[in-house]
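In: dropping the sequence and predicted coords here.
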Amino acid sequence: MKKIRKWVSCLAVFAMAMLMLAGCGSSGSEDTSGTEDGSPVEITFWHSMGNRNGEALENIVASFNESQDDVHVNIEYQGSYDDAFAKLKTTPAGQRPDVMQIYEQGCFQMIHSDYFLSVQDYIDKESYDLSDYNQMILNWYTVDDTLYGMPFNVSIPAITYNIEALEAAGVDPETDLETFDDVLVAAEKVADAGLCQYGVCLDNDAWLFEEFVSMKGGYLTDHENGRNGIATKLIIDENGLGKEILEFWRDFSSHPFAVTYGGGLSGTAEAKKEFGAGNVAMLISTCGIYRDVQDGADGTFTVGQRCVPKFNEGDVFTGSNGGGALWIINNGNGNDEKADAAWEFIKYCTDPEIQAEWVSTTGYLPLRLSAEETETYQAYLEENPGFESILHQLDETSEAGLLALIGCTNEMRAIIPSEIQKLLDDESYTTDEALETIVNDTNEAITRFNESNGLE
């Protein structure tokens, strides 16, 4: 809590500076000088960040409200991403929020709906400069040169580890965790030395499966992951990557010093809990778990992170970022005043100083390049030096590695971990059977979504 309170103080100082410099902003900025009676424009912000991340987001909102008198943001927690997105789809125009945090798997559904106003329209309207934004991160939410939502809580695969356990086993994380085979060697050393019950956990998360397809240099779906036309089917049965990754997953997790805790969000939660308790030395998951597992460890050991291991020595990262974005919501009432205010709030959330604080408090990636130059970010790197290798994985990748855009990502991300868990639990269940279920069930869901939305 001391760190949170310190951040509030820092943001308050920054907010005052922003207020004093308000007259020095971009000449193309929208006029959001409050309502006609002089009161601020009231907007509602829906989000799905709980615990530490939720507090951090509330602090950003508070600092924004303190920084100026024209817009006042009312922040409202809506539960899980799934719950929040479902609520948006059932909320009539006029009662929706004005800005909303939406997870990556909602991107395709948002694009093919009337729920949003694209941030590209506001960028173009004021010739807003994006040169300081990480282009690879922006690319996730860009289709046909249109940026739909502004990336915010940005994550990427990483390996998180217990520094003391690895050191005691004679493992140097900077040199000994380059490939998955290296990780298995390190995991066996840790387990054999009795330092942790398990040396490594590979999080059974479908998002990782998708990342592995990209890291293998292939596509999950046709039409280049739905980014060069509407995706109509999975192609991981045709390109051989589905079976290859499923066999890798089974082999990796079959070692007595490796473990997987169920599938999906519940499995990830259990994996974080066991890592924080010191029962697992390494966890391959998202970089966004850093602060959560650090809190779980509660000072009993030091948490470190590095870029995700590669399949082969010399490979470069060809995956993609994930996470969530901030969307301007269309309330269908022609109230440009509120939409303009939402855009001002989004710009504030991506300010380099705000981004640096957001990164250091949550473990997410910075969207702004200049955020890396701030004292706050540099202090975070001193605490977690491996984070630099995580962020700069994006320097190695390209648009070809962007994850698939389909309307049934949620369904697919329930199917994949379920099938992986069957493989791990039942030796008689084959990778061919698992792949057939993944492809057939997901393709049926893709077809249903495309047909119901008139997409071809």
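Out: Okay, I see it.

In: C-alpha from now on. contacts and neighbour counts both.
Out: OK.

In: now do the same end-to-end measure for stretch 309-323.
Out: Stretch 309-323 has its terminal residues 20 Å apart, counting by Cα to Cα, to the nearest Å.

In: contacts only, for the residue positioned nearest the centre of the chain.
Out: Nearest to the centroid of the C-alpha atoms of the chain, with distances taken as Cα atoms, centre = their mean, sits residue 323, at 1.9 Å. Neighbouring residues of residue 323 by Cα atoms under 8 Å, 6 or more residues apart in numbering: 103-104, 151-156.

In: got a pLDDT number for it?
Out: The model reports residue 323 with a pLDDT of 94.

In: and the contacts of stretch 44-52?
Out: Here stretch 44-52 makes contact (Cα under 8 Å, 6+ apart) with 54, 57, 73-81, 84, 97-102, 292, 361-362.

In: which among those residues end up buried?
Out: Neighbour counting by 16 or more other Cα atoms under 10 Å classes 57, 73-75, 78, 81, 84, 97-102, 292, 361-362 among the contacts of stretch 44-52 as buried.

In: show me what contacts residue 305?
Out: Taking Cα under 8 Å, 6+ apart, we find residue 305 in contact with 158-161, 287, 290, 384-387, 390.

In: my bad, residue 96
Out: Counting by Cα under 8 Å, 6+ apart, residue 96 touches 88, 329-331.

In: of those - the most surrounded one?
Out: The most crowded member of these, judged by other Cα atoms under 10 Å, is residue 329 (24 neighbours).

In: now do the strands in the stretch 151-300 of the chain.
Out: In the stretch 151-300 of the chain, the segments counted as strands under DSSP state E, counting those that start in this stretch are 157-162, 198-202, 258-259, 280-286.

In: re the thing from before, out of the buried ones among the contacts of stretch 44-52, who's nearest residue 205?
Out: Ranked by distance to residue 205 (Cα to Cα), these are led by residue 81 at 15.8 Å.

In: can you tell me which of the contacts of stretch 44-52 end up in strands?
Out: 73-77, 99-102 (DSSP state E).

In: quick one: least confident helix or strand in the protein?
Out: Sorting the helices and strands of the chain by mean pLDDT, DSSP states H and E puts helix 2-20 at the bottom, at a mean of 44.

In: check the offset of whichever helix or strand comes after it from the chain's centre.
Out: Downstream of helix 2-20, the next assigned helix or strand under DSSP states H and E is strand 41-47. With Cα atoms, centre = their mean, to the nearest Å as the basis, strand 41-47 stands 22 Å off its chain's centre.

In: again, but for stretch 219-227
Out: With Cα atoms, centre = their mean as the basis, stretch 219-227 stands 20 Å off its chain's centre.

In: stretch 420-429 now?
Out: Worked out by Cα atoms, centre = their mean, stretch 420-429 lies 28 Å from the chain centre.

In: the strands of the stretch 151-300 of the chain: which one's closest to residue 441?
Out: Closest to residue 441 of the strands of the stretch 151-300 of the chain is strand 198-202 (Cα to Cα; 24.1 Å).

In: and that closest one, what does it pack onto?
Out: Other helices and strands packing on strand 198-202, by 3 or more Cα pairs under 8 Å, 6 or more residues apart in numbering; DSSP states H and E, are helix 180-192, strand 258-259, strand 280-286.

In: that one pairs with which strands?
Out: Sheet pairing of strand 198-202 (DSSP bridges) gives strand 258-259 (parallel), strand 280-286 (parallel).

In: for the closest residue to residue 114 other than its chain neighbours, give me the pLDDT.
Out: Using Cα to Cα, 6 or more residues apart in numbering and skipping the chain neighbours, the partner closest in space to residue 114 is residue 330 (6.9 Å). Looking at residue 330, its pLDDT reads 94.

In: with residue 68 instead?
Out: On the pLDDT scale, residue 68 is placed at 96.

In: list the contacts for the closest residue to residue 402 other than its chain neighbours?
Out: Excluding the flanking residues, the one nearest residue 402 by Cα to Cα, 6+ apart is residue 320, at 5.2 Å. Each residue near residue 320 by Cα under 8 Å, 6+ apart is listed here: 140, 156, 211, 214, 394, 397, 401-403.

In: rewinding a little: and the contacts of residue 96, which of them are in helices?
Out: The helices, defined by DSSP state H, take in residue 88 from the contacts of residue 96.

In: show me how the protein divides into domains.
Out: Domain segmentation of the chain under automatic domain parsing yields 39-154+322-383, 157-318+400-452.

In: what about residue 170, how many residues nearby?
Out: Neighbours of residue 170 under the rule other Cα under 10 Å: 13.

In: where's it relative to residue 163, distance?
Out: Applying Cα to Cα to residue 170 and residue 163 gives a distance of 11 Å.

In: what does residue 220 give?
Out: Noted for residue 220: a distance of 35 Å to residue 163, by Cα to Cα.

In: more crowded one of the two?
Out: residue 220 (26 against 18).

In: shouldn't that one be in contact with residue 213?
Out: Yes: the pair residue 220 and residue 213 passes the contact test of Cα atoms under 8 Å, sitting 6.5 Å apart.

In: shaky segments in the stretch 351-456 of the chain?
Out: Regions of the stretch 351-456 of the chain meeting the criterion pLDDT under 70 are absent.

In: so what's the backbone phi/psi at the residue nearest to residue 114?
Out: phi -90, psi 110 (degrees, to the nearest 10).

In: what residues are up against it?
Out: Residue 330 touches 93, 96, 98, 114-117, 339, counting by Cα under 8 Å, 6+ apart.

In: need those in TSV with pLDDT, distance to residue 224 and secondary structure, can you?
Out: As requested, these are exported to TSV (pLDDT from 0 to 100; distance: Cα to Cα, whole Å; DSSP: H, G, I helix; E, B strand; the rest coil):
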residue	pLDDT	distance to residue 224	secondary structure
93	90	34	coil
96	95	33	coil
98	97	33	coil
114	91	25	coil
115	93	26	coil
116	95	25	strand
117	95	26	strand
339	95	33	helix
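
In: filter those residues down to the buried ones.
Out: Counted by 16+ other Cα under 10 Å, those give 93, 96, 98, 115-117, 339 as buried.
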